[in-house]
Structure formats: C-alpha cells, structure tokens
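Enquirer: What would the 3D arrangement of this be:
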Amino acid sequence: MRANLEAHLGSRQVARVVYGAIIGLALVVVLEAHPPGAGVTAAWLLGTALAVALAELYSEVVGVETSERHRVTRPQLAHLLDDALAVGFGVGFPALFFLIAAVGVMEVGTAFTIAKWTGLGLIGFYGYWAARFAGTPVPRALLQGAAVALVGAVLIALKALLH
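Expert: As a prediction, this is how the structure comes out:
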C-alpha cells in the first residue's frame with residue numbers, strides 16, 4: 001500500500017486530482033445551499049466529473065495539436081486520458097458519500113458535511129506531501145498543507161456568509 005501511495009504521490013496525476021477536488025468541493029458547496037436529494041447530488045457530481053474530464057482531454061488534445069503541429073499520437077492520447085481520468089476522479093469522489101446517503105446509510109446533510117471536510121482534507125494532504133517531497137521540514141510542510149486547505153475553507157466560509 002505504501003509503495004502504491006508513494007508512486008501516486010510522485011505522479012503527474014496528483015495535480016489533476018487536486019484540481020478536480022477543488023471543482024468537486026465548489027460544486028458541493030453550491031449544491032448545499034438548496035440541497036437536492038442524495039441521488040441527484042451524486043448524479044450532478046458524476047456528470048460534472050465526466051464533463052470536466054472530457055473538457056480536460058479535449059483542451060489538452062487541442063493544445064498538443066496546435067503546439068506540436070501534428071495529430072495526437074496513441075501514446076500521447078493514453079497519457080492525456082490518464083490525466084483526464086484523474087481530474088474526473090477528483091471531481092466525482094464526493095459522489096460516494098451521496099450514494100451512501102441515497103441507500104439510507106446516512107443523512108444527506110451528513111453527506112454534505114463529510115464531502116466538504118474530506119475535500120479539504122484531500123487538498124491539505126496533497127499540499128503537505130508536495131512540501132515533504134520538495135524537502136520541506138515537517139512543521140513547514142504542515143503549514144503548507146494547512147495553507148492550501150485554507151483555499152477550500154475560504155470557499156466554505158464564503159458560502160456560509162452569503163447564504
């Protein structure tokens with residue numbers, strides 16, 4: 001397990017998952033203002049994950065073709081698809097909590113709370129490990145993780161102030 005986690009943390013997909021997690025967190029915060037049912041919320045998250053992943057893939061294909069002046073090769077496409085899937089995973093991950101709520105294991109409000117805090121935790125986790133892998137001592141890495149999680153916390157606080 002540790003080797004898999006270290007391999008993941010050393011990959012390009014980390015940036016994509018974080019990007020997707022921020023989008024997913026923003027959507028959760030917006031939906032919470034007038035919460036639909038658990039199943040509808042899960043569907044919105046999964047639909048958004050698909051749309052963002054496809055947008056990521058399409059924009060990268062266009063970027064490669066315009067900058068390199070040739071069609072995207074099969075190996076390039078596989079690489080771009082991996083990146084798009086990582087973004088989609090980050091966006092869609094909170095749907096898990098709403099699917100659990102949809103089957104009655106938890107309340108929808110609890111799913112929103114868990115989705116928000118796990119999103120913040122994930123963003124902070126990646127911020128911490130980015131700092132550690134860059135050679136930052138643990139106290140400063142904890143500060144960096146907290147600082148990047150603060151981005152999500154500001155989003156949540158803004159929603160609370162405006163609602």
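Enquirer: rest of the way, CA atoms for contacts and neighbours
Expert: Fine.
Enquirer: Tell me the confidence at residue 1?
Expert: At residue 1, the pLDDT value in this model is 68.
Enquirer: Ok, the one 3 residues further on next?
Expert: Confidence at residue 4, expressed as pLDDT, is 77.
Enquirer: What is the neighbour count of it?
Expert: 9 (other C-alpha atoms under 10 Å).
Enquirer: For it, which three-state class applies?
Expert: helix (DSSP: H, G, I helix; E, B strand; the rest coil).
Enquirer: now do residue 136
Expert: Here residue 136 is recorded as coil under three-state DSSP.
Enquirer: Next up, phi/psi of it, please.
Expert: phi -70, psi 140 (degrees, to the nearest 10).
Enquirer: Tell me how far it lies from residue 47.
Expert: Using C-alpha to C-alpha, to the nearest Å, residue 136 is found at 38 Å from residue 47.
Enquirer: again, but for residue 81
Expert: In terms of C-alpha to C-alpha, residue 81 sits 17 Å off from residue 47.
Enquirer: Mind checking which of the two has more residues around it?
Expert: Taking neighbours as other C-alpha under 10 Å, residue 81 and residue 47 compare with residue 81 leading, 19 against 15.
Enquirer: With adjacent residues omitted, what lies nearest to the more buried one?
Expert: residue 57 (6.3 Å; C-alpha to C-alpha, 6 or more residues apart in numbering).
Enquirer: same thing with residue 107?
Expert: residue 101 (5.6 Å).
Enquirer: tally of neighbours for that neighbour?
Expert: If we define neighbours as other C-alpha under 10 Å, then residue 101 has 21 of them.
Enquirer: can you check residue 104 too?
Expert: For residue 104, using other C-alpha under 10 Å, the count is 11.
Enquirer: for residue 39, same thing?
Expert: Residue 39 has 17 nearby residues by other C-alpha under 10 Å.
Enquirer: So which bits of the helix or strand where the residue nearest to residue 107 lies are buried?
Expert: Assessed by DSSP states H and E, residue 101 sits inside helix 95-102. Within helix 95-102, the residues scored as buried using 16 or more other C-alpha atoms under 10 Å are 95, 97, 98, 99, 100, 101, 102.
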